[in-house]
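**Student:** return a 3D structure for these sequence lines:
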Amino acid sequence: MKKMKIDIIIPSYKSKEITTLAIKSFEKNKGDFDFRYIVIENAGDESYKEDIVSLNKNVHWITNKCEHRYLSSFTNGEAVQKGLEVVESEYVFVCHNDVVATSPDWMSFLYSKIEEGCVIAGTVLDNVRIKAVHISGMLIKSEIAKSVEFDPINDDYGNQIMDVGDNWTQYCKDNDLKYYCCNNTHNENVGEIPEPYTSFHSDRAVDDDGNVIFLHLGRGTRKTLGEYSQPGKTLHVDWVEFVEREILEVSNG
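**Tutor:** Have a look, this model is predicted:
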């Protein structure tokens, strides 16, 4: 039986290590799907291109020297647009690069929601603005992603009204289309979390049975660049160590 193909858009910004972990986790847990990875390097930095491309024959690299200001929502939106221009599959998974899949059933679970009639199946809801399915992990019909405006929107005072991809959820609301989002610790609607994820500080998405299927570090690029840290938050080094040990089962001994 021919496996279903899904393009995965992954914006990156001088962040080889976490982008590598994301792709490795997706590939390890791809189940009955064929993934094509579209990595958009937003800083125009090709120093790690060969390392990323060599991870898998299905990696498509785009070098993009972003026109927008450094690491803004507009930067991310520009990368997503570049990625959508080369998407070939019927469905595309748009995500951040500081994420990992933790279960072989993660994509089959999200796709099951598509089969139930949803046009979007995501891993976490944004807690502000319109409570949209967040672009850190979202499976969406490619036709809708390409045809509906998704750039962030600011008001006249610079306050963000819509983040990247929020309009996709708004489109569903306006047209009475179904969309789905996993329960997630970020949304505080998850019950007991199993080990080893119980106390690991990251956004943890679960399936209908409470199994952890997806993690999102948050501020991953800034943490990688040493520009962001807060007490109690998972650092870049903690993320790498945890993902390699618990998800990819890389031995340090």
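**Student:** pLDDT at the residue nearest to G220 when sequence neighbours are not counted, what is it?
**Tutor:** Nearest non-adjacent residue to G220, counting by CB to CB, 6 or more residues apart in numbering: D98, 2.3 Å away. In this view, the C-beta of every residue, glycine as well, is placed from N, C-alpha and C. Note for D98: predicted pLDDT of 98.
**Student:** over to V128?
**Tutor:** 86.
**Student:** which of the helices or strands spans it?
**Tutor:** Using DSSP states H and E, V128 maps to neither a helix nor a strand.
**Student:** strands of this protein, residue ranges please.
**Tutor:** 4-12, 33-41, 59-63, 91-95, 99-101, 118-122, 137-141, 153-154, 160-162, 178-181, 183-184, 203-206, 212-216 (DSSP state E).
**Student:** show me what the first one is packed up against.
**Tutor:** Just to be clear, that refers to strand 4-12. helix 16-28, strand 33-41, helix 73-84, strand 91-95 (3 or more CB pairs under 8 Å, 6 or more residues apart in numbering; DSSP states H and E).
**Student:** and the strands of the chain as TSV, adding distance to I247?
**Tutor:** TSV is the format used below for the strands of the chain (distance: least, CB to CB, whole Å):
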stretch	distance to I247
strand 4-12	16
strand 33-41	16
strand 59-63	19
strand 91-95	15
strand 99-101	5
strand 118-122	20
strand 137-141	15
strand 153-154	35
strand 160-162	32
strand 178-181	22
strand 183-184	17
strand 203-206	12
strand 212-216	8
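**Student:** with mean neighbour count and distance to H236 added, can I get those strands in a markdown table?
**Tutor:** Shown next, in a markdown table, are the strands of the chain (neighbours: other CB atoms under 10 Å; distance: least, CB to CB, whole Å):
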| stretch | mean neighbour count | distance to H236 |
| --- | --- | --- |
| strand 4-12 | 23 | 14 |
| strand 33-41 | 22 | 18 |
| strand 59-63 | 17 | 22 |
| strand 91-95 | 26 | 18 |
| strand 99-101 | 26 | 13 |
| strand 118-122 | 25 | 24 |
| strand 137-141 | 24 | 19 |
| strand 153-154 | 14 | 29 |
| strand 160-162 | 15 | 25 |
| strand 178-181 | 19 | 26 |
| strand 183-184 | 21 | 21 |
| strand 203-206 | 24 | 16 |
| strand 212-216 | 25 | 14 |
